[in-house]
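> here's a sequence, model it:
(one chain, ligands or ions: 2)
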Amino acid sequence: FTTNYSTFTHTLTDDPSSDKDRVRVIIRVRPMNNKEYASDKQPQKVLHCVNENSIVFDGGQHSRRFAFDSVFDEASTQEEVFHYSGVKRLVDMAIDGYIATCFAYGQTGSGKTHTMIGAEGASIFRMDKNYRARNLGVVPRSIDYLFQRLRDKTMETSSPYYIRVSYCEIYNEQIRDLIRPGNPDSLQVRGSVEEGFYVENLYHTYIETIDELLTILEEGELNRAMASHKLNETSSRSHAMLSIQIEQDLPEYNDENEQMTRQGKLVFVDLAGSEKVKQSHSKGKQLVETNNINKSLLTLGTCISALSDPSKRAGHIPYRESKLTRLLADSLGGHGIALMIACISPSRICENESLNTLRYANRAKNIENVPIVKTDSKQNVINRLKLEVRKLKDENYQL
Ligand code: ADP
Ligand code: MG
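Ligands and ions are numbered 1, 2, ... in the order given. The predicted structure follows:
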């Protein structure tokens with residue numbers, strides 16, 4: 001139903017039903033940019049997509065073939081990536097009550113934001129509809145698909161769904177609210193591996209249309225840029241996390257006293273650039289920054305390594321050592337499901353970082369989750385919401 005533009009035809013295959021679910025990993029190679037074309041090193045390209053599942057890294061002395069769930073070459077479109085990356089499965093499972101996470105990994109400039117949000121970042125919001133539709137990334141396409149599915153489902157079950165969105169970034173091991181930047185800095189992560197982790201006091205807002213989401217993305221991006229400008233930081237060092245909570249009262253428990261609510265969650269993470277920060281530029285405040293950035297990304301790497309190694313998998317996984325890994329705990333070796341989109345440039349200029357990304361992605365595909373639907377009694381959900389409303393009111397009184 002979609003035209004294929006990339007060199008290879010993609011199809012979707014599903015694993016036979018099992019209680020385990022492997023983390024899916026796809027690669028997206030972006031086209032070379034002018035600077036890379038202008039580079040006089042020959043040959044310029046070190047990556048070659050062999051077919052829709054494999055890619056060869058050829059760095060001269062060192063050549064290696066990697067296999068992934070999908071490989072999208074330079075010619076692939078936003079539409080193809082959305083349809084054949086498996087992200088629709090994440091949306092479907094989030095509707096069914098699972099925690100589903102999609103995260104973009106790769107060095108700065110490799111195409112993470114392009115793939116997740118779209119060609120012009122969130123400013124696509126102001127573009128005309130056709131142009132916008134062509135360039136929208138995985139996140140707005142997923143929301144559009146989510147609303148479509150919910151419309152169909154609501155007709156079947158007559159039990160309404162509610163969508164609550166929150167948006168935050170982790171920079172320097174501090175969490176900042178991107179919807180309500182006035183929220184106290186350094187929000188805390190609460191919870192446990194068993195119960196699930198969450199950001200305490202993070203602002204949530206209900207949405208009903210894709211345009212409302214695009215506004216949140218656009219404002220979030222502005223808030224992100226403003227905060228990093230003020231503090232002399234760069235947003236490529238922060239992790240942006242968009243959470244979309246999907247709530248539905250379960251019709252099969254229609255007893256007043258025991259109403260159950262199902263809460264699925266769809267999470268999109270645009271990770272900080274994976275490149276190594278040059279130590280020579282790291283002085284004073286900057287040094288702290290690199291250490292902490294390394295802490296979140298390093299801990300993510302450590303967790304992925306441990307989880308992908310069958311001999312270490314059952315042992316201690318250091319989720320607690322960074323905010324990022326605590327928030328991703330359910331999707332990596334937990335009760336959620338996950339998709340990793342690894343972005344790379346084919347250019348020789350980027351060969352070391354690209355090889356690192358391929359190795360990293362190659363480990364991630366060995367991680368297994370055991371997905372479980374989480375339900376809660378309606379009374380618990382109401383109590384939590386009441387508490388939240390009271391907190392928000394208190395905040396307003398103080399203004
Ligand atoms: P990152 O978020 O990883 O730092 P970006 O998504 O901002 O990288 O991409 C860097 C530049 O490359 C942007 O100008 C973007 O528009 C362009 N780009 C990235 N991926 C693609 C692609 N698949 N096709 C065309 N241009 C791309
Ligand atoms: Mg980016």
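
> secondary structure of residue 351: a helix, I assume?
Yes: assigned with DSSP: H, G, I helix; E, B strand; the rest coil, residue 351 falls within a helix.

> quick one: pLDDT of it?
Listed pLDDT for residue 351 reads 91.

> quick check, the helix or strand hosting residue 268 touching ligand 2?
For residue 268, the enclosing helix or strand under DSSP states H and E is strand 260-270. No: under the criterion of Cβ under 5 Å from the ion, strand 260-270 makes no contact with ligand 2; the nearest approach is 6.0 Å. Heads up, the C-betas are built off the backbone N, CA and C, glycines and all.

> and that strand, how far from the chain's centre?
The chain centre lies 12 Å from the centre of strand 260-270; the measure is Cα atoms, centre = their mean, to the nearest Å.

> same check on stretch 298-309?
In terms of Cα atoms, centre = their mean, the centre of stretch 298-309 is found 17 Å from the chain centre.

> likewise for stretch 334-350?
Centroid separation for stretch 334-350 versus its chain: 10 Å, with Cα atoms, centre = their mean.

> hmm, it touching ligand 2?
No: Stretch 334-350 lies out of reach of ligand 2 by Cβ under 5 Å from the ion, never closer than 9.3 Å.

> first-to-last residue distance for that stretch?
Terminal residues of stretch 334-350 are spaced 33 Å apart (Cα to Cα, to the nearest Å).

> bridging residues for the closest residue to ligand 1 within the stretch 251-399 of the chain?
In the stretch 251-399 of the chain, the residue that lies nearest ligand 1 is residue 343 (5.6 Å; Cβ to the nearest ligand atom). Counting by DSSP bridges, residue 343 is bridged to residue 28.

> is it in contact with residue 30, as I believe?
Yes: counting by Cβ atoms under 8 Å, residue 343 touches residue 30, with 6.6 Å between them.

> overlap in contacts of those two?
When Cβ atoms under 8 Å, 6 or more residues apart in numbering defines a contact, the residues bordering residue 343 and residue 30 alike are 110-111, 114.

> residue 354: which of these is nearest?
Distance to residue 354, by Cβ to Cβ, is smallest for residue 110 among the shared contacts of residue 343 and residue 30, at 8.0 Å.

> wait, a strand at residue 329?
No: counting by three-state DSSP, residue 329 falls outside a strand, being coil.

> what about the shared contacts of residue 343 and residue 30, which one has the most neighbours?
Scoring the shared contacts of residue 343 and residue 30 on neighbours with other Cβ atoms under 10 Å, the highest-scoring entry is residue 110 at 25 neighbours.

> identify the residues contacting that residue.
Contact analysis of residue 110 by Cβ under 8 Å, 6+ apart lists 30, 273, 343-345, 350, 353, 357.

> if I look at it, how far off is residue 341?
According to Cβ to Cβ, to the nearest Å, residue 110 stands 10 Å off from residue 341.

> surely residue 342 meets residue 107?
No: with contact defined as Cβ under 8 Å, residue 342 does not reach residue 107; the gap is 10.3 Å.

> what touches both of these two?
residue 357.

> more neighbours: which of those two?
Neighbour comparison, residue 342 and residue 107: the larger count goes to residue 342, with 28 against 21 (by other Cβ under 10 Å).

> farthest pair within the contacts of residue 110?
Across the contacts of residue 110, the longest distance by Cβ to Cβ is 14.0 Å; it joins 30 and 273.

> nearest to residue 162, of the contacts of residue 110?
Each of the contacts of residue 110 was scored against residue 162 by Cβ to Cβ, and residue 343 proved nearest at 32.5 Å.

> can you give me the neighbour number for the residue of the stretch 251-399 of the chain closest to ligand 1?
When neighbours are defined as other Cβ under 10 Å, residue 343 has 27 of them.

> so who does it touch?
Counting by Cβ under 8 Å, 6+ apart, residue 343 makes contact with 27-28, 30, 104-106, 110-112, 114-115, 357.

> can you narrow those residues down to the ones near ligand 2?
Counting by Cβ under 5 Å from the ion, residue 112 from these sit close to ligand 2.

> mind giving me TSV with the contacts of residue 343 and columns for distance to residue 310, secondary structure and pLDDT?
Shown next, in TSV, are the contacts of residue 343 (distance: Cβ to Cβ, whole Å; DSSP: H, G, I helix; E, B strand; the rest coil; pLDDT from 0 to 100):
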residue	distance to residue 310	secondary structure	pLDDT
27	24	strand	97
28	28	strand	98
30	33	coil	95
104	27	strand	97
105	22	strand	96
106	27	coil	96
110	30	coil	95
111	32	coil	95
112	30	helix	95
114	35	helix	92
115	31	helix	95
357	23	helix	95
